[in-house]
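# model the structure of this input:
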Amino acid sequence: MLVTGVARQLGGRFVRRIQRDPEVDRVVAVDAVPPEHHLGGADFVQADIRQPTIARVLAESGADTVVHLDVTGTPLGSGSRAALKETNVIGTMQLLGACQKSPHVKRLVVKSSTNVYGSAPRDPAVFTETTPPKSLPSGGFAKDTVEVEGYVRGFARRRPDVAVCVLRFANILGPTADSPLASYFSLPVLPTVLGYDPRLQFVHEDDVIEVLRIGSHEPRRGTLNSGTFNIAGDGVLLLSQCSRRLGRPTVPLLLPAVTWANTVMRTLGMTDFSPEQIRLLTHGRVVATDQMRDVLGFTPKYTTAETFADFVRSRGPGLLPPEALAAAVDRIAALPLPGSSHPPKQSAN
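Numbering: from 1, shown residues only. A predicted model of the protein is given here:
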């Protein structure tokens, strides 16, 4: 088995877990940078999947299963958004090209996201795997996932002998979660869109590891480990419920310009928060998980609410000192409003 994206916590956890399965003889772990965590008995190969050398790595490994986890919305370390997009899209193209040439590959598992559905005001209440989005994502990680899935579908047509499993994960949370939404929930004050209270779904990182394990094996009787599956915990939470459970106040904002929302996020310490994330926090997104249960044969251990509760526990006490909250609110208030050429005046204390 060959696994990409192992320098991230999620990839490292999966590599350590899959080695315990008796059906797995050898794991080749691949990333452009050495991981800071241990990988158990896996063979680590430092290789950039954006480069053609990944074909040589795959050929030399003789792997019959490829688990592609290097599709993500958060740069590793000090990486830029441009480099992240290249890894997501160009890296996937190079990896699929390598898989197409390899006669050994019989199974491909791809980590995708429910971001492919986008977030729009006229979206259906619940997305199924076959529901077309009202408006395709126009940028950021959401657009990356749309492109990645397009290339995966092309690969599946060219190699019908390979079982392809695409897992569309809802927002992943947990003690070690590394995502734009996890960063948002870690802010001292949560900027929200005035008049909107979106429905959100989460999936626990423990459940992510387990469903990846299921997808990477031959299917059990009565299940089918190929196709596209929405993966999410049962139930939904409103953004207002999330803020209360975190113990963090919200600042409702009029957002006629998405660019101003990005300025707010950067002011509060977030370096990359795409317009698609703003739309998610405006319109929300809920997906059906019937296929996950009935076809893939997976039932999450954690509900959406339980996933969020575990995330909250990992972040410690939520309610911050009044001076910290006041400073965060003041930073937002000091920002120039959309369409204004002058920042608001500061009141004297």
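# can we go C-alpha only for contacts and neighbour counts from here?
OK.
# helices along the stretch 101-250 of the chain, start to end?
Remark: helices assigned in the stretch 101-250 of the chain by DSSP state H, counting those that start in this stretch are 140-158, 180-185, 205-215, 239-246.
# looking at those, spot the one closest to Ile49.
When the helices of the stretch 101-250 of the chain are compared by Cα to Cα, helix 140-158 sits nearest Ile49, at 13.7 Å.
# in that closest one, what's buried?
140-149, 151-152, 155-156 (16 or more other Cα atoms under 10 Å).
# for stretch 187-200, same thing?
Buried residues in stretch 187-200, defined by neighbour count with 16+ other Cα under 10 Å: Leu187, Pro188, Val189, Leu190, Pro191, Thr192, Val193, Asp197, Pro198, Arg199, Leu200.
# correct me, but the fourth one touches Cys242?
No: between Leu190 and Cys242 there is no contact, the gap being 10.1 Å when judged by Cα atoms under 8 Å.
# just for this protein, where's the confidence low?
77-79, 221-223, 255-273, 317-349 (pLDDT under 70).
# contacting residues around the nearest residue to Leu136 once chain neighbours are set aside?
The shortest distance from Leu136 to any non-neighbouring residue, by Cα to Cα, 6 or more residues apart in numbering, is to Gly118 (6.1 Å). Counting by Cα atoms under 8 Å, 6 or more residues apart in numbering, Gly118 touches Pro133, Lys134, Ser135, Leu136, Pro137, Ala142, Glu276, Leu280, Arg285.
# so the last one is in which element?
Spelled out, that is Arg285. Using DSSP states H and E, Arg285 sits in no helix or strand.
# surely it meets Gln201?
Yes: using Cα under 8 Å, Arg285 is in contact with Gln201, at 7.3 Å.
# ok, which stretches of the chain are strands?
2-4, 28-31, 43-46, 65-68, 107-113, 163-169, 171-173, 190-193, 199-200, 202-204, 227-231, 237-238, 250-253 (DSSP state E).
# and those, which is most packed in?
Scoring the strands of the chain by mean neighbour count under mean count of other Cα atoms under 10 Å gives strand 202-204 as the most buried, with a mean of 27.
# can you tell me which helices and strands it packs against?
strand 171-173, helix 304-315 (3 or more Cα pairs under 8 Å, 6 or more residues apart in numbering; DSSP states H and E).
# how about these in JSON lines, adding distance to His38?
JSON lines is the format used below for those (distance: least, Cα to Cα, whole Å):
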{"stretch": "strand 171-173", "distance to His38": "22"}
{"stretch": "helix 304-315", "distance to His38": "22"}
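# need the winner for burial among those.
By mean neighbour count, with neighbours taken as mean count of other Cα under 10 Å, strand 171-173 ranks first of the helices and strands packed on strand 202-204 at a mean of 24.
# pull the distance from that one to the chain's centre.
Here strand 171-173 is found 7 Å from its chain centre; the criterion is Cα atoms, centre = their mean, to the nearest Å.
# and for stretch 133-152?
13 Å.
# now do stretch 237-245
Distance, stretch centre to chain centre, for stretch 237-245: 20 Å (Cα atoms, centre = their mean).
# go through it and flag the buried ones.
With burial defined by 16+ other Cα under 10 Å, the residues of stretch 237-245 counted as buried are Leu237, Leu239, Ser240, Cys242, Ser243, Arg245.
# give me the contacts around it.
185, 190, 197-201, 249-250, 281, 304-305, 308-309, 312.
# out of those, the closest to Ala170 would be?
Ala170 lies nearest to Gln201 out of the contacts of stretch 237-245, by Cα to Cα, at 6.1 Å.
# dump the residue contacts of the closest residue to Gly5 other than its chain neighbours.
Among residues not flanking Gly5 along the chain, Asp70 sits closest, at 4.2 Å (Cα to Cα, 6+ apart). By Cα under 8 Å, 6+ apart, the contact list for Asp70 reads Thr4, Gly5, Val6, Thr87, Asn88, Lys111.
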